[in-house]
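Student: coords please:
(4 chains)
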There are 2 protein chains.
Amino acid sequence: MGGFGAQDDRVADSVQIGLTAVIVAVTDDEPRVLVVRRVDHALASTEDGVAREGDVLDDDSLEALPYGPFYPGRHRTLDAGLRGWVEEQTQLDLGYVEQLYTFGDRGRDPREQELGARVLSIGYLALAQEAKPSGAGEALWQNWYRYFPWEDWRKGKPAILTQELEPGLEEWATQADTPSEVRERFARIDATFGSEEVRWNEDRVLERYELLYEAGIVTESQRDHGLTVVMSDYSHPMVLDHRRIMATAMGRLRGKLKYRPVVFELVPPTFTLFELQKAVEAISGNLLHKQNFRRLVEKSGLVEGTGQFESRTGGRPAETYRYVRDILTERLTAGPRLPMGKR
Amino acid sequence: MGGFGAQDDRVADSVQIGLTAVIVAVTDDEPRVLVVRRVDHALASTEDGVAREGDVLDDDSLEALPYGPFYPGRHRTLDAGLRGWVEEQTQLDLGYVEQLYTFGDRGRDPREQELGARVLSIGYLALAQEAKPSGAGEALWQNWYRYFPWEDWRKGKPAILTQELEPGLEEWATQADTPSEVRERFARIDATFGSEEVRWNEDRVLERYELLYEAGIVTESQRDHGLTVVMSDYSHPMVLDHRRIMATAMGRLRGKLKYRPVVFELVPPTFTLFELQKAVEAISGNLLHKQNFRRLVEKSGLVEGTGQFESRTGGRPAETYRYVRDILTERLTAGPRLPMGKR
DNA sequence: TAATATATACTCAAGTTGAGTATAAGGAGC
DNA sequence: GCTCCTTATACTCAACTTGAGTATATATTA
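Tutor: Got it, this is the predicted structure:
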């Protein structure tokens, strides 16, 4: 069944499966993603998906998410396949792992032609305590706002939005063919990037990236359409559709933060409430009201005080807490409806 | 890159991709899923994944979700592949389509051996206005509580829970090896099925199904472990892992209902507010407070009255409404925090 | 015309949220 | 020691949301 046995003259070549991981950690109050540096595939091909010693590392090389092939013979499950090569390559012990999405558009991988195979990629989100990705591999932690500077509102509305993106989007909208299409484009911009009436929704990372891609504002869309790429100076592109995969991960993580206790995967075993808050802020990209955050976390019953105090903060010492990993309480944790900082 | 070119002696056979669709509609205030009937694969193999005329349809045949292979040569995207064969086979015009999850555990498809290939399946959720799936194929609409009778709380707590499942789960819990494992099992039961302290969470459909599977309560788990299947009399099994895929879809749809205006994909173009409410109730499996539902929907600004009235309901005629498909309002719609009916 | 449905409007207490003010407890500089 | 600065923690309060009613309107049917 499934018709897999049947032959169809239109049926194409085989399929290859890649696993792509967005591995996230928070250090120094910044969200970080594990990336590898690779030569752009438009220019050259390398042998293997995971960076190794000897790979080119010059400044023109493009960044990629760590990824590797799925070997059906070796791994019983997809998750096991992912954990396998990630742990092998980076010595990282992944905690929380979640499958995101399977990306399979034709042409997403330029090697499809030479391979004679369609390359599907299954994207994963993984959370880790930051650790040096030691051993083989040129993996390194990068601030994820390097790739999405418009997503960080912790210091107010990012300048890049007002100065670069909004003008670019507006130009794209007005260039539509029909007046009704122009209106529709403006409506989409408002819905994803916010406006007077519609507030910025931090979860819509993917929709924003896709709109920028469609508007030709993001480097990848020029590259994918065969245009000469003028390296954009305000955000960093990635190999293939890896920035799209990262946007998917970011949106999913931001959403999950609101109803599942995932922050605790990103902070050390004991932490002060303010450290916890700053981890949430790092991921969600905006600031929270300190007193309300505290009230919420305490009420949730997800944490308990240790009786220990932390005094390296300058002011009154803060009590440290630990996460109470109660299966029953694995329910909704929140952040309060993340407010947009002070306007 | 990706190491796809490299040969590895441990690397196994190729991979085949199937697309499996959970197509949902609501009619007569019941949620329905499109299923096809097929002979159980443990007993016999058929030629194709989509039911056709001539397929066995006797009472012992197992039910399956409609699914078909993904032809990389024919379809530019995975979504296009899905829409392609669904529309071809069922004449159904799919509206909302969403990718759910990629299932790839070894052994999920018993044909893997004979094919010499690993069979991955990408699950999709699709919403449709019910229509007769005419033409070729033995597809038919089934009430989805046929497969998950414990998920329908609209008439109070389902008897099957108290009479069959809870005793079964309890027995499974007490049979654990160590006392701490026993405690952990009970905690998992409470967390997924609710208890005095933890209320039933209608979104956790998959977790509940998986717990039942693990506890050996559900037919599939006996079958998959090679035990003689005593056809369970209280819920209906499906081929392979199709019931798991369906559980994933149901959980996702229930969750989405709360923050995206997806109900409108399931009701006709004009509807009374009570019809809308009953569609939500059908999906979520519990009853809502009528006056509050009305208040919520009206406040949301997602609907507008048509000025027309509908009088076939017996009492005072109800105004009909239509969905205002405003891109800006494609934001959170809700149901109120679905309450558990009258206790 | 009464009884019975259903639809729609309004009320109210309890809880949640956003945004403050007030107070506590440390260190640095003098 | 005292003052100032910093951060932590406690408490307040108005606005809004939610759950659960009661009240009224407008049909059909006996």
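Student: going forward, measure contacts between C-alpha atoms and count neighbours the same way
Tutor: Noted.
Student: which one is residue A:317 nearest to, not counting chain neighbours?
Tutor: Take residue A:317 and drop its neighbours on the chain: the residue closest to it by Cα to Cα, 6 or more residues apart in numbering or on different chains is residue A:311, 4.2 Å away.
Student: Is that neighbour in contact with residue A:320, as I believe?
Tutor: No: Residue A:311 is not in contact with residue A:320 according to Cα atoms under 8 Å; the separation is 10.1 Å.
Student: What are the phi and psi values at the residue in the stretch 51-200 of chain A positioned nearest to chain B?
Tutor: With Cα to the nearest Cα, the shortest gap between the stretch 51-200 of chain A and chain B falls at residue A:73, namely 4.0 Å. Backbone geometry at residue A:73, expressed as degrees, to the nearest 10, gives phi -80, psi -20.
Student: try residue A:177
Tutor: phi -70, psi -50.
Student: Based on its surroundings, how many neighbours for it?
Tutor: 9 (other Cα atoms under 10 Å in any protein chain shown).
Student: ok, now which ones touch residue A:202?
Tutor: A:151, A:251, A:254, A:284-285 (Cα atoms under 8 Å, 6 or more residues apart in numbering or on different chains).
Student: How about residue A:109?
Tutor: A:119, A:240.
Student: Test for you: state the pLDDT assigned to the closest residue to residue A:247 other than its chain neighbours.
Tutor: Counting by Cα to Cα, 6+ apart, residue A:247 lies nearest to residue A:206, which is 4.9 Å off, once chain neighbours are set aside. On pLDDT, residue A:206 comes in at 94.
Student: Now for residue A:206: which residues touch it?
Tutor: A:244, A:247-248, A:250-251.
Student: are any of these buried, and which?
Tutor: Buried by 16 or more other Cα atoms under 10 Å in any protein chain shown: A:244, A:247-248, A:250-251, out of the contacts of residue A:206.
Student: now, which of the residues you listed sits nearest residue B:123?
Tutor: Among the buried ones among the contacts of residue A:206, residue A:248 lies closest to residue B:123 (Cα to Cα), at 17.9 Å.
Student: Excluding chain neighbours, what is closest to the residue most central in space within chain A?
Tutor: The C-alpha lying nearest the average C-alpha coordinate of chain A belongs to residue A:246 (Cα atoms, centre = their mean; 3.2 Å). Closest residue to residue A:246 apart from its sequence neighbours, by Cα to Cα, 6+ apart: residue A:22 at 6.3 Å.
Student: separation between that neighbour and residue A:244?
Tutor: Residue A:22 is 11 Å from residue A:244, where distance means Cα to Cα, to the nearest Å.
Student: got any ranges where chain A has weak pLDDT?
Tutor: Residue ranges of chain A with pLDDT under 70: A:1-13, A:38-61, A:107-108, A:110, A:112, A:131-137, A:226-233, A:327-343.
Student: show me where it has helices.
Tutor: Secondary structure of chain A by DSSP state H: the helices cover A:78-90, A:112-115, A:159-160, A:166-174, A:179-193, A:205-214, A:219-224, A:242-257, A:273-284, A:290-300.
Student: and DNA strand C, which of the ones you listed is closest to it?
Tutor: helix A:290-300 (4.7 Å; Cα to the nearest atom of the strand).
Student: so, in contact with chain B or not, the closest one?
Tutor: No: applying Cα under 8 Å from any Cα of the partner chain, one finds helix A:290-300 separated from chain B by no less than 13.5 Å.
Student: any idea of the angle the biggest strand by length in chain A forms with helix A:273-284?
Tutor: The longest strand of chain A (DSSP state E) is strand A:14-27. Orientation check (axes from the mean of the first three to the mean of the last three Cα atoms, to 10 degrees): strand A:14-27 against helix A:273-284 gives 150 degrees.
Student: Distance check, the residue nearest to residue A:317 against residue A:322.
Tutor: With Cα to Cα as the criterion, residue A:311 and residue A:322 are 17 Å apart.
Student: quick one: which of these two has more around it?
Tutor: Taking other Cα under 10 Å, residue A:311 and residue A:322 do not tie; residue A:322 has more neighbours (18 against 11).
Student: How about the contacts made by the residue nearest to residue A:246?
Tutor: Counted by Cα under 8 Å, 6+ apart, residue A:22 has contacts A:33-34, A:65-66, A:123-126, A:245-246, A:249.
Student: For it, give the beta-bridge partners.
Tutor: Residue A:22 has these beta-bridge partners by DSSP bridges: residue A:125.
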